[in-house]
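1. Got a predicted model here, sequence first, then my questions.
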Amino acid sequence: MALIEADAATASETNSGIGISNVTVVYGGDGGVTALKNINLQVKEGEFVSLVGASGCGKSTLLKVVADLMPPTGGQVTVNGLAPSALRKAGRLGLVFQQANLMPWLNIRGNIGLLKSLVAGHGGTVSKTGASVDQLIDVVGLTGFGEKFPHQLSGGMQQRAALARALALDPAVLLMDEPFAALDEITRDRMAFELMRVWQQYRKTVLFVTHSLSEAVMLSDRVVLMSPRPGRIHRIFDIDLPRPRTPETRLTEGFSKLVLELNRELYEVMT
Ligand SMILES: Nc1ncnc2c1ncn2[C@@H]1O[C@H](COP(=O)(O)OP(=O)(O)OP(=O)(O)O)[C@@H](O)[C@H]1O
């Protein structure tokens with residue numbers, strides 16, 4: 001089936017969410033590394049789904065395929081019914097990685113607005129429903145820091161700016177690959193709650209890669225446990241903990257049980 005490549009900025013939200021059908025990725029051609037094998041996953045619009053699993057099980061590869069950073073060897077991905085390439089061209093994929101990768105010569109306001117102006121400059125249609133740069137600065141807790149430069153901000157603040165930059169595009173989906181992994185534990189913990197607060201506000205569809213099982217349980221509606229060699233979906237856990245989740249959620253029996261079960265199963269697939 002040929003996917004529509006145009007008009008992603010105004011695409012109807014039918015077939016909304018992320019559809020991953022039979023995705024296989026082989027690095028290096030025939031006889032190479034099969035990083036993913038027949039992955040099938042539907043992420044509903046507004047859902048927060050995390051990918052967890054042992055190192056090398058293909059989490060980042062799957063995120064890259066959805067982000068149109070690499071094509072799958074086989075299978076198909078759709079975002080709101082469209083090819084990811086169409087969404088990327090329209091500037092409607094929000095990406096956040098481990099490193100904030102802010103432009104050192106631009107202040108925070110300039111960094112947050114940068115992609116938006118680049119997309120517009122390349123003839124893309126920037127969605128008009130997105131929040132303004134100033135609103136986003138407030139939303140991510142950087143009020144008063146808009147004129148500062150990246151080197152004047154802590155790692156956590158830089159990641160807040162990276163999140164605001166992704167949200168500035170009013171993305172159809174937020175794709176996050178270990179966004180807090182480079183932060184110290186206290187900041188990381190705080191950022192997870194900040195992300196939940198922002199997510200509650202915008203209800204973006206999120207695909208989130210993490211090594212932390214407790215982070216995945218705290219944030220997600222569902223956690224996808226992957227198994228390695230070749231990367232497959234081993235089991236999907238429904239996280240039915242009530243929202244909004246708070247630091248106290250961690251003290252509940254339901255939370256501990258889910259983390260324990262995930263841990264147990266993770267060790268099982270690794271052995
Ligand atoms: N560019 C590449 N060329 C060849 N093999 C690769 C390439 N990138 C990843 N791989 C291999 O594909 C498999 C999946 O890698 P991927 O980085 O997606 O896993 P991951 O679960 O994200 O790992 P980690 O948790 O360590 O980041 C691994 O075996 C990895 O060595």
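-> Received it, and whenever you're ready, just let me know what you need.
2. The closest residue to Leu136 other than its chain neighbours: what secondary structure?
-> Spatially, and ignoring its direct neighbours in sequence, Leu136 is nearest to Ala164 (4.1 Å; CB to CB, 6 or more residues apart in numbering). (Glycine included, C-beta is placed from N, CA and C.) Secondary structure, DSSP: H, G, I helix; E, B strand; the rest coil: Ala164 is helix.
3. cool, Asn38 as well?
-> Here Asn38 is strand, with the state taken from three-state DSSP.
4. From the structure, what's the count of residues near the residue nearest to Leu136?
-> For Ala164, the neighbour count with other CB atoms under 10 Å is 26.
5. Going along the chain, name the strands of the protein.
-> 18-27, 33-43, 48-53, 74-79, 93-96, 173-177, 205-209, 222-227, 232-238 (DSSP state E).
6. Turn those into TSV, columns for mean neighbour count and distance to Gly254.
-> Output for the strands of the chain, formatted as TSV (neighbours: other CB atoms under 10 Å; distance: least, CB to CB, whole Å):
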stretch	mean neighbour count	distance to Gly254
strand 18-27	18	27
strand 33-43	19	23
strand 48-53	24	17
strand 74-79	20	31
strand 93-96	24	28
strand 173-177	25	24
strand 205-209	25	20
strand 222-227	22	14
strand 232-238	16	12
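7. closest to Gly155 out of the ones you listed?
-> Gly155 lies closest, by CB to CB, to one member of the strands of the chain: strand 93-96, at 13.3 Å.
8. Mind listing the strands the closest one pairs with, and their directions?
-> Applying DSSP bridges, strand 93-96 is found paired with strand 173-177 (parallel).
9. isn't Phe255 right next to Met218, touching?
-> Yes. Assessed by CB atoms under 8 Å, Phe255 is found in contact with Met218 at 7.5 Å.
10. neighbour count winner among the two?
-> Met218 (24 against 18).
11. about what we covered before: need the overlap of contacts for Phe255 and Met218.
-> By the contact definition CB atoms under 8 Å, 6 or more residues apart in numbering, Phe255 and Met218 are jointly contacted by Thr249.
12. residues touching Gly29, list them.
-> So Gly29 contacts nothing (CB under 8 Å, 6+ apart).
13. Enumerate every residue touching Val206.
-> So Val206 contacts 47-49, 173-176, 199 (CB under 8 Å, 6+ apart).
14. Could you give the bridge partners of it?
-> Phe48, Leu174.
15. Rebuild the contacts of Val206 as CSV, extending it with pLDDT and distance to the ligand.
-> Below are the contacts of Val206 laid out as CSV (pLDDT from 0 to 100; distance: CB to the nearest ligand atom, whole Å):
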residue, pLDDT, distance to the ligand
Glu47, 97, 21
Phe48, 98, 19
Val49, 98, 15
Val173, 96, 18
Leu174, 96, 18
Leu175, 97, 13
Met176, 97, 13
Trp199, 93, 22
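16. and which of these is nearest Val66?
-> Within the contacts of Val206, the smallest distance to Val66 is 5.9 Å, found for Leu175 (CB to CB).
17. How much space separates that closest one from Lys257?
-> 29 Å (CB to CB, to the nearest Å).
18. Likewise for Asp240?
-> 11 Å.
19. Which neighbours do those two have in common?
-> In contact with both Asp240 and Lys257: no residue, using CB under 8 Å, 6+ apart.
20. can you tell me which residues contact Lys64?
-> Taking CB under 8 Å, 6+ apart, we find Lys64 in contact with Met70.
21. measure it to the ligand for me?
-> The spacing between Lys64 and the ligand, counted by CB to the nearest ligand atom, to the nearest Å, is 7 Å.
22. just Tyr202 next, same as before
-> Taking CB to the nearest ligand atom, one finds Tyr202 at 26 Å from the ligand.
23. Tell me the confidence at that residue?
-> Turning to Tyr202, the model gives it a pLDDT of 89.
24. cool, and the one 10 residues further on?
-> With respect to pLDDT, Ser212 has a value of 96.
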